[in-house]
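Colleague: Here is the input, now give the coordinates:
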Amino acid sequence: MRTSYYLLCFLLLSPLQLFAQQQPVEQMCGSKPPYFGYEFTQQEIESLLEQLLPLHSKWLEDSKEREKRGDNINYQDTRRINLCGAYLQGLNLSRRNLSMANLMYANLDNANLAASNLSRAWLDHASLQNAHLLRTNLSQAYLTAARFRNALLVKANLTKVAASSAHFTEANFVDANLSQAILHGADLTSANLFNADLSNSDFSKVNLSKSVFFPKSNAYPDPLSMASIFHHRDRLFQDVTYYDKNTGSPALASLRATYRKTGMRETERIITHLLQLQMQEYNWQEGGWKQVGSVLSHVLFNLTTAYGLKPQRPLSLLIQFIFLFAFIYWLALKFHTKYSYFEVVWESNIFTSSGRRGIKKGGHGLDAYHPLKLRREANTWYQRLRLEFKILRISFYFSILSAFHIGWKQYNVGVWIKQLQPREFSLRVRRGWMRSASGLQSLLSAYLLVIWILTQFGRPFE
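Modeller: Below you'll find the model as predicted:
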């Protein structure tokens with residue numbers, strides 16, 4: 001009884017299931033696909049194309065006439081080749097005129113399509129992994145989400161293709177023509193774009209990681225679309241081969257010039273950073289004195305400004321060094337290390353008493369040099385806190401003076417800071433390690449200030 005019930009349910013539901021399965025297929029292919037899921041042999045496909053190609057050619061001629069008249073093309077015409085969803089892997093389809101054919105969702109893995117005409121063909125979601133597409137005409141073809149992993153596209157014509165989100169991993173585009181191609185969001189990981197024509201192509205959000213990016217001279221992608229790649233270089237421009245030690249990187253240099261003219265300073269800096277970083281890596285690989293230069297370049301320019309990419313970093317480092325050295329001076333004064341004292345230099349004709357602030361000040365005549373002495377007796381928490389604050393304040397002030405000690409003629413920030421003092425005096429260290437630390441801080445700060453000015457208002461790395 002139960003078996004009869006299941007059999008009745010199967011007979012009633014089978015037509016509905018068949019309709020549910022067919023409906024999405026027709027939606028995917030744009031029409032009813034006669035060979036969806038059918039696996040062809042070489043003999044079968046040759047026999048079928050022998051019948052269909054003459055009819056398809058006639059349909060192409062009629063379609064051109066309709067376009068001239070301004071009418072819409074009838075893509076539902078049965079004369080049009082419709083191999084949507086067909087299994088054609090490994091077959092030889094070279095030198096065939098499949099222009100405007102419906103090959104959506106078709107499996108063309110390892111197929112030979114060399115010198116075939118696939119212009120304006122529908123290849124959305126098709127699989128062409130390891131396919132042979134030498135000199136194949138794919139102009140204006142629809143390749144959305146198609147898979148071209150390890151496909152041979154040498155000298156192929158892909159002008160104006162619509163290949164958004166297509167997968168070209170490890171594809172070979174040497175000498176290919178991708179001018180005005182739409183590759184928005186495409187995956188070109190490990191692809192070879194040597195001498196490819198990329199004129200005005202849309203490369204927005206393209207993944208170029210581990211690819212070879214040496215396009216044909218003066219045939220570069222749309223600069224605005226490339227900007228999205230440079231601004232996401234950690235994710236989309238990782239390990240790209242774009243620099244040669246003999247020729248440099250003409251593509252990136254040309255794009256940088258374009259960004260400079262259009263005022264895209266941030267993108268211009270990113271490209272400069274990439275070029276200088278690649279040059280630094282090549283110098284390291286060369287060895288010898290070039291390796292020494294690579295290390296110095298990394299320390300002096302990459303760590304400080306990232307070759308101009310981070311123009312505000314020198315100021316940040318300068319401020320951090322002021323706090324760091326202030327902490328060092330504070331430790332020295334607090335724990336009485338050797339030669340850990342400052343000298344107060346009072347100008348002539350200045351005399352004050354020493355009892356009120358615990359600082360010995362002196363004399364008449366020439367400038368007077370006296371060690372700065374702080375009261376150590378602190379009985380209450382308030383006195384201890386006041387003493388600690390005084391040591392910290394003096395250390396911080398001396399660190400600021402050391403940072404801006406070096407100036408140029410009248411442009412000396414240290415002198416300007418001294419003008420804010422209520423009285424004319426100077427803090428000095430005449431001997432010991434604190435003097436060396438102060439000198440080191442002055443040199444570091446002067447360099448950071450100069451490199452900040454150069455990177456903020458100039459282009460020292462171009």
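Colleague: mind listing the helices in this structure by residue range?
Modeller: For the chain, the helices defined by DSSP state H cover 2-29, 42-69, 223-230, 233-236, 250-262, 265-286, 289-297, 303-305, 313-335, 381-403, 413-418, 433-457.
Colleague: Out of those helices, flag the one nearest S119.
Modeller: Minimum separation from S119 across the helices of the chain (C-beta to C-beta) falls at helix 42-69, 10.1 Å. Just so you know, the C-beta spots here come from the backbone N, C-alpha and C atoms, and that holds for glycine as well.
Colleague: Can you give me the pLDDT of G30?
Modeller: In this model, G30 is scored at 71, pLDDT.
Colleague: do the same with A219
Modeller: Listed pLDDT for A219 reads 94.
Colleague: any idea how far it is from K310?
Modeller: Distance, A219 to K310, using C-beta to C-beta, to the nearest Å: 32 Å.
Colleague: where are the low-confidence patches of the chain?
Modeller: Along the chain, segments meeting pLDDT under 70 span 1-24, 26, 233-238, 337-379, 383, 407-426.
Colleague: quick one: contacts for V174?
Modeller: Residues near V174 by C-beta atoms under 8 Å, 6 or more residues apart in numbering: 154-155, 192-196.
Colleague: Just the buried subset of those residues, please.
Modeller: Buried members of the contacts of V174, scored by 16 or more other C-beta atoms under 10 Å, are 154-155, 192-194, 196.
Colleague: Which one of those is nearest to H231?
Modeller: Ranked by distance to H231 (C-beta to C-beta), the buried ones among the contacts of V174 are led by L193 at 20.1 Å.
Colleague: And the protein, what are its domain boundaries?
Modeller: The chain breaks down by automatic domain parsing into domains covering 242-302, 314-453.
Colleague: Output the helices of the chain as TSV; include the columns distance to H132 and mean neighbour count.
Modeller: Formatted as TSV, the helices of the chain follow (distance: least, C-beta to C-beta, whole Å; neighbours: other C-beta atoms under 10 Å):
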stretch	distance to H132	mean neighbour count
helix 2-29	25	10
helix 42-69	15	14
helix 223-230	29	20
helix 233-236	29	14
helix 250-262	28	18
helix 265-286	33	19
helix 289-297	43	14
helix 303-305	48	19
helix 313-335	50	17
helix 381-403	66	16
helix 413-418	68	15
helix 433-457	50	17
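Colleague: re earlier: distance to S395 for the contacts of V174 - can I get that in a markdown table?
Modeller: Listed next are those as a markdown table, based on distance: C-beta to C-beta, whole Å:
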| residue | distance to S395 |
| --- | --- |
| V154 | 68 |
| K155 | 70 |
| N192 | 59 |
| L193 | 57 |
| F194 | 59 |
| N195 | 62 |
| A196 | 61 |
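Colleague: Out of the helices of the chain, flag the one nearest N207.
Modeller: For the helices of the chain, the distance to N207 is smallest for helix 233-236, at 5.2 Å, taking C-beta to C-beta.
Colleague: separation between N150 and M104?
Modeller: According to C-beta to C-beta, N150 stands 21 Å off from M104.
Colleague: Who has more neighbours out of those two?
Modeller: Shown here are N150 and M104; by other C-beta atoms under 10 Å, M104 has more neighbours (23 against 17).
Colleague: ok, the more buried one - contacts?
Modeller: Contact analysis of M104 by C-beta under 8 Å, 6+ apart lists 28-30, 84-85, 122-126.
Colleague: Now render those as TSV, adding distance to I271.
Modeller: As requested, the contacts of M104 are exported to TSV (distance: C-beta to C-beta, whole Å):
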residue	distance to I271
M28	42
C29	44
G30	42
C84	43
G85	44
W122	37
L123	34
D124	34
H125	35
A126	35
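Colleague: buried subset of the residues you listed?
Modeller: Neighbour-count burial (16+ other C-beta under 10 Å) is assigned, among the contacts of M104, to 29, 84-85, 122-126.
Colleague: Just to be sure, which of those are found in strands?
Modeller: Among the buried ones among the contacts of M104, no residue falls in strands (DSSP state E).
Colleague: Out of the residues you listed, which comes closest to G37?
Modeller: Closest approach between the buried ones among the contacts of M104 and G37, by C-beta to C-beta: G85, at 5.8 Å.
Colleague: Find the nearest non-adjacent residue to that closest one, please.
Modeller: Closest residue to G85 apart from its sequence neighbours, by C-beta to C-beta, 6 or more residues apart in numbering: F36 at 3.5 Å.
Colleague: for W330, same thing?
Modeller: Leaving out its chain neighbours, W330 is closest to S395 (C-beta to C-beta, 6+ apart), at 4.1 Å.
Colleague: list the buried ones in stretch 183-200?
Modeller: 183-194, 196-200.
Colleague: Send me that stretch as PDB with only the CA atoms.
Modeller: Written as PDB, here are the backbone C-alpha positions of stretch 183-200 (Å, rounded to 0.1, in the frame of the first residue of the first chain):
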ATOM      1  CA  LEU A 183      37.800  43.500 -16.900                       C
ATOM      2  CA  HIS A 184      36.200  44.900 -13.800                       C
ATOM      3  CA  GLY A 185      36.900  42.500 -10.900                       C
ATOM      4  CA  ALA A 186      38.600  40.000 -13.100                       C
ATOM      5  CA  ASP A 187      41.200  37.600 -11.600                       C
ATOM      6  CA  LEU A 188      44.500  37.800 -13.500                       C
ATOM      7  CA  THR A 189      46.600  36.000 -10.800                       C
ATOM      8  CA  SER A 190      49.900  34.800 -12.300                       C
ATOM      9  CA  ALA A 191      48.800  36.000 -15.800                       C
ATOM     10  CA  ASN A 192      51.400  37.000 -18.400                       C
ATOM     11  CA  LEU A 193      50.600  40.400 -19.900                       C
ATOM     12  CA  PHE A 194      53.900  41.000 -21.600                       C
ATOM     13  CA  ASN A 195      53.600  43.300 -24.700                       C
ATOM     14  CA  ALA A 196      49.800  43.100 -24.400                       C
ATOM     15  CA  ASP A 197      47.800  46.000 -25.800                       C
ATOM     16  CA  LEU A 198      45.800  47.300 -22.800                       C
ATOM     17  CA  SER A 199      44.800  50.700 -24.300                       C
ATOM     18  CA  ASN A 200      41.900  52.300 -22.300                       C
END
